[in-house]
Structure formats: structure tokens, C-alpha cells
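# mind folding the following:
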Amino acid sequence: MAKVLMAMSGGVDSSVAAQMLQAEGHEVIGAFLRLGDGGHAAEKSKACCTVEDAIDARRVADRLDIPFYSFNYAERFRRIIDYFVDEYRDGRTPNPCARCNQWIKFDVFHDLAKELGAEYVATGHYARIQEEADGPRLARGVDGDKDQSYFLATIPYSVLKECIFPVGNLRKQEVREKAGIGHLPVVDKAESQEICFVPANDYRRVIRQQAPESLVEGDIVDESGDKLGTHEGYAAYTVGQRRGLGVAATEPKYVVKTDRKTNQVVLGTRDSLMEDRFFVSEMNWLLPEIPRLPFDCSVQIRHGGQPQSCTIRQHTVDGVEEDWLEVILEKPLFAIASGQVAALYSGDTVLGGGWIEKA
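Model (predicted):
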């Protein structure tokens, strides 16, 4: 059996994961990362990484009688908040959970595992590791409604090889049942549903505090440049948004673009947001070897979205290969948002992931 560092969030999923590993005979060490601002955390009831979560994680560790450590990485987490604000300021749609996994959580936990002499890092993500002859693969969790493999598509392969996802083969109800059987104190705890540093899911509040210049009144225009109304700040809008536009129209209008230079929000029809190709930067392959291009697979462009058939090829400009990949879709997709993760799949297996870009 192995020595495993268990990333404990204070929720039911990571708590049951710790319980399962212990039952299998592993030596389990619990660890909690404090990432957010305690003041903000106190305002939220459905966020993660709060003081209450730390307390719950310790209670579970006590129940299981395993060592437990709490670490404060709030200062390092500032990078995620800055990224979040910068993306909105640049007219993009950030994915802070995926960036946090990529830049902070898995990196930190693996460093801590080495310091504590642990061979593996385990989390409560609904994803699976499939062992193959040439190395492990990341796969979707059995529970399709809870699958979190999309958020893991950008973590390095070297990190993935040292990961365990104990609840990936379970459905949520089965996890709750295991928590009840084990008399874990978080058995009935509600799931975190908010970004940990965004009180009450009000991301505009964070932008207003961090980048007030991006929330200055400006024009809402159509794709021809004709004024349709006034907005409260271009960064308060996201591509594909339909509600809360404050514009009367004879047909549904959607946000097609937000423009930092002109302080404009551009609206168009749904057809304007149907696209059949986009680009991917910072491609991260979760495979022992990078596949030869071009090749066919499926792509998922948002959490909970349906994978779509596509062809992946190298992006070229005037015959010269660029760092980006080009994704050519079999059928057009609605509201492909720059800044979101594009996760590539072959069936349930994650091939890798990168960040959506537009030309």
C-alpha cells in the first residue's frame, strides 16, 4: 500500500475519497489549502476554501484518525484573482477553476507530497485514471452529471501520473451513502457552487473592486456599429449572454463581443455566434507521446457541454507553423468563448486541453 496525500476540501467528495483510501489500507495524510480571503468567505454559503471548510476537513480527519495539515496559500492565489480580472478586462471569459488546478492546487499538493514523503496525491474530483501499458490516461468520471475531467485537462501529464481520484468510479448518491455509512460529519453538506473569491456569484463586484475602469458606462451597438443602448461597463458582459442586456429588439440579441478599446458591447443574432473553427493555445497533452497531426477526436468547450466531433491540425500562417492548434468542427457551435478550456477527448479518455483563442 502507498502513502497518499489527500487534498481535503471539507466537502463530502474528498472526505469519502479519504475514507476509501484508508479502507484500502493506504497511509493517508489529509491536507487543506486555504486560498481565499476569509472576509469574503464569511459572506458565502456555497463556496469552497472557507474557514468553515477547513474546520470540516479537520473534523473528517479526526473522525478517520489521520494526520491533518492546513496551509495558507492566499498570497499565491492572488495570481488567479488577477488573471480573472484581466481576462474580463480583455473581453475574454475566464475559467479560474481550471487555471487554479493548473497553476496552484496540483502543483502545491505535489510539492507538499514530496515534502511529506507521499507517493501520490488524491483529490475528490469525479474523474478516473486508466492504466495503460505506456502510461496512465485521464478519463471521465462514471457519473456523467458530475464529471470534472474537463477542469483537469490542463494539468501536466507528469502530475497526472501521480494522481488518484477515488470517487471517479462512483455516482454522487453512492458517495453520500458511503459518507453516511462512515458517519462522516459532512454527509449532508451542500456542494460548493460558487467561485471561491466571488461573493454570491457577483463577479461584477470583484471587477468593480479590482478594475473599476472597465465598468465605465458605454455604448451597446449592433454589428453595423449602430447604437442600441447603454451598458454599465463592457467587462460586465460575456460572449453569448442574452439576459440583462436592457435593449428592446424584434428578435433575440446576444453579446457577440466586448471591446476594451472602444468600451463597446456588440450585439448580434444567434447565427452570429455560430462558428465552425477556433484556435487553442498552451496545448497540454495528457499522453505519453504527442499525437501526429492532423487527427480526429471530439472537443468540449465548456463544463457540462456536449463533446463535438472535430479535426485537430497545426495552425499555420503563410505556410509557417505556429504554436497554436486549429480546431475544425464537424458542425458549428454556439458562443465559443475565448479564454475557456478546450478539452479534447477520444471516447471517455481525455487527450489533453488548452485555451480557446480567436484569430
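# after the helix or strand bottoming out on mean pLDDT in the chain, next one along is what?
Ranked by mean pLDDT, DSSP states H and E, the helix or strand of the chain with the weakest confidence is helix 38-41, at a mean of 41. Remark: after helix 38-41, the chain's next helix or strand is helix 51-64, criterion DSSP states H and E.
# send over that next one as CSV, restricted to the C-alpha atoms.
These are the backbone C-alpha positions of helix 51-64, laid out as CSV (Å, rounded to 0.1, in the frame of the first residue of the first chain):
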residue,chain,number,x,y,z
VAL,A,51,-12.8,28.8,7.2
GLU,A,52,-15.8,26.5,7.7
ASP,A,53,-14.4,24.2,5.1
ALA,A,54,-11.1,24.0,6.9
ILE,A,55,-12.9,23.1,10.1
ASP,A,56,-15.0,20.4,8.4
ALA,A,57,-11.9,18.9,6.8
ARG,A,58,-10.2,18.7,10.2
ARG,A,59,-13.3,17.1,11.7
VAL,A,60,-13.3,14.4,9.0
ALA,A,61,-9.6,13.8,9.5
ASP,A,62,-10.2,13.4,13.3
ARG,A,63,-13.1,11.0,12.5
LEU,A,64,-10.7,8.9,10.3
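# that helix - contacts with which helices or strands?
Packing partners of helix 51-64 (3 or more C-beta pairs under 8 Å, 6 or more residues apart in numbering; DSSP states H and E): helix 12-23, strand 27-34, helix 38-41, strand 68-72. Placement of C-beta: from N, CA and C, glycine included.
# next, the buried residues of the helix or strand just after the last one.
In this case it means strand 68-72. Beyond strand 68-72 in the direction of the C-terminus, DSSP H and E gives the next helix or strand as helix 74-89. For helix 74-89, the neighbour count (16 or more other C-beta atoms under 10 Å) marks 77, 80-81, 83-85, 87-89 as buried.
# returning to what we had before: just say which of the helices and strands packed on helix 51-64 is most tucked in.
Mean neighbour count (mean count of other C-beta atoms under 10 Å) peaks for helix 12-23 among the helices and strands packed on helix 51-64, with a mean of 24.
# so which elements touch that helix?
Applying 3+ C-beta pairs under 8 Å, 6+ apart, we find helix 12-23 packed against strand 3-7, strand 27-34, helix 51-64, strand 120-122, helix 172-181.
# ok, the residue nearest to the spatial centre of the chain - contacts?
Closest residue to the average C-alpha location of the chain: residue 98 at 3.1 Å, with C-alpha atoms, centre = their mean. Contacts for residue 98 (C-beta atoms under 8 Å, 6 or more residues apart in numbering) come out as 150-151, 153-154, 341, 353.
# helix or strand: which one has it?
Per DSSP H and E, residue 98 falls inside helix 96-100.
# ok, residue 331 next?
strand 320-334.
# which strands or helices does that strand pack on?
Packing partners of strand 320-334 (3+ C-beta pairs under 8 Å, 6+ apart): strand 274-285, strand 308-317.
# just the helices in the stretch 201-350 of the chain please.
For the stretch 201-350 of the chain, the helices defined by DSSP state H, counting those that start in this stretch occupy 203-210.
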